[in-house]
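Student: Here is my input; please provide its structure:
(one chain, ligands or ions: 1)
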Amino acid sequence: MIEVKGVEKGFGETPVLKGINAVFEPSKTSLIIGQSGSGKTVFLKTMLGLHLPDKGTISFNGTTTESMSSDEKRQLKQDIGMVFQGSALFDSMTVEENVMFPLKMFTKQSKEVMLERVNFVLNRVNLVNSNQKFPAELSGGMQKRVAIARAIVTKPKYLFCDEPNSGLDPKTAIVIDKLIQEITDEYEITTVINTHDMNSVMEIGEKIIFLKDGLKEWEGSSDDIFKTDNEAVVDFVYSSNLFKNVRKVYLEK
Ligand SMILES: Nc1ncnc2c1ncn2[C@@H]1O[C@H](COP(=O)(O)OP(=O)(O)OP(=O)(O)O)[C@@H](O)[C@H]1O
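Tutor: Numbers count the residues shown, from 1 in each chain. Sure thing, here's the model as predicted:
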């Protein structure tokens with residue numbers, strides 16, 4: 001579980017996060033949504049420890065990051081998996097080498113044990129017979145699968161995904177979303193996803209946090225988001241006519 005309490009973060013004189021409280025639970029896929037510039041990336045980076053909060057605390061399973069020993073911080077790094085925007089695979093490495101990379105970095109396992117784990121996760125994301133391929137030889141959806149396999153290879157407790165659907169067609173995006181949700185549930189991971197994708201909100205939004213100007217404006221499930229009267233959420237989610245019509249049909253049911 002991740003607990004965020006009163007987190008503030010600014011750059012120079014400009015406040016970006018203005019006191020955020022949030023809880024992210026294991027086995028749940030939580031989404032952070034909000035307009036461009038609302039602070040989603042800064043929030044994700046602050047949870048990841050890439051930005052230090054000016055105020056407030058972030059706890060992982062009950063221990064705040066500021067009170068962690070250096071051993072605990074090292075362990076936390078290993079407990080966090082990350083799927084970056086655009087997959088961020090190493091172009092000069094094969095699929096197998098990409099997925100093995102975190103194991104080489106964090107463990108002292110033998111090559112055989114690492115390979116067994118690599119094959120297990122590649123199989124889990126439905127990517128078989130691709131070990132010796134290079135990222136450039138794969139489709140966008142396959143690259144995302146490799147990125148997910150790499151993120152979960154160290155059996156993380158926490159999974160952070162930054163725009164995991166960017167660059168994918170809507171159908172492939174949903175397959176990737178579902179895969180992340182299944183893995184989250186299966187391995188009891190606490191998953192936090194930054195997204196712009198309204199399909200994701202509807203398909204896998206077990207918990208949605210809506211940020212506005214650096215504050216948590218609204219929180220709920222994908223079911224709640226259809227019914228909410230919160231003007232800022234309605235304005236954001238239903239900015240397209242398609243979603244306006246979907247909402248109308250849903251409320252008339
Ligand atoms: N390193 C930084 N230094 C100064 N300002 C920053 C820095 N990182 C982010 N900001 C500012 O913080 C604000 C929030 O940015 P952030 O990237 O978190 O928005 P976002 O909600 O993720 O937007 P998008 O959806 O476009 O990615 C913006 O005004 C941005 O200019």
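
Student: now the strands: where do they sit in the stretch 101-250 of the chain?
Tutor: 158-162, 190-194, 207-212, 215-220 (DSSP state E, counting those that start in this stretch).

Student: would JSON lines of the ones you listed with distance to Phe101 and mean pLDDT be doable?
Tutor: To be clear about C-beta, it is placed using only N, CA and C from the backbone, and glycine gets the same treatment. Listed next are those as JSON lines, based on distance: least, Cβ to Cβ, whole Å; pLDDT from 0 to 100:
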{"stretch": "strand 158-162", "distance to Phe101": "17", "mean pLDDT": "95"}
{"stretch": "strand 190-194", "distance to Phe101": "21", "mean pLDDT": "96"}
{"stretch": "strand 207-212", "distance to Phe101": "30", "mean pLDDT": "95"}
{"stretch": "strand 215-220", "distance to Phe101": "35", "mean pLDDT": "96"}
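
Student: now for those, which one comes closest to Asp177?
Tutor: If you check each of the strands of the stretch 101-250 of the chain against Asp177 by Cβ to Cβ, strand 190-194 wins as the nearest, at 8.4 Å.

Student: Give me the sheet partners of that closest one and which way each runs.
Tutor: strand 28-34 (parallel), strand 158-162 (parallel) (DSSP bridges).

Student: right, and these - which one's nearest the ligand?
Tutor: Proximity to the ligand (Cβ to the nearest ligand atom) singles out strand 28-34 among the strands paired with strand 190-194, at 5.5 Å.

Student: got the angle for the closest one vs strand 207-212?
Tutor: Here strand 28-34 runs at an angle of 20 degrees relative to strand 207-212 (axes from the mean of the first three to the mean of the last three Cα atoms, to 10 degrees).

Student: Show me the longest helix that occurs in the protein.
Tutor: Longest helix in the chain, counting residues (DSSP state H): helix 170-186.

Student: Point out the other helices and strands that it packs with.
Tutor: strand 28-34, helix 140-152, strand 158-162, strand 190-194, helix 198-204 (3 or more Cβ pairs under 8 Å, 6 or more residues apart in numbering; DSSP states H and E).

Student: picking up where we left off before, dump the strands paired with strand 190-194 to a markdown table, plus mean neighbour count.
Tutor: Output for the strands paired with strand 190-194, formatted as a markdown table (neighbours: other Cβ atoms under 10 Å):
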| stretch | mean neighbour count |
| --- | --- |
| strand 28-34 | 23 |
| strand 158-162 | 23 |
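
Student: List just the one of these that sits closest to Asp224.
Tutor: strand 28-34 (12.4 Å).

Student: which other residues reach the closest one?
Tutor: Residues outside strand 28-34 that contact it (Cβ atoms under 8 Å, 6 or more residues apart in numbering): 24, 40, 43-44, 180-181, 184, 190-196, 200-201, 204-212, 217, 236.
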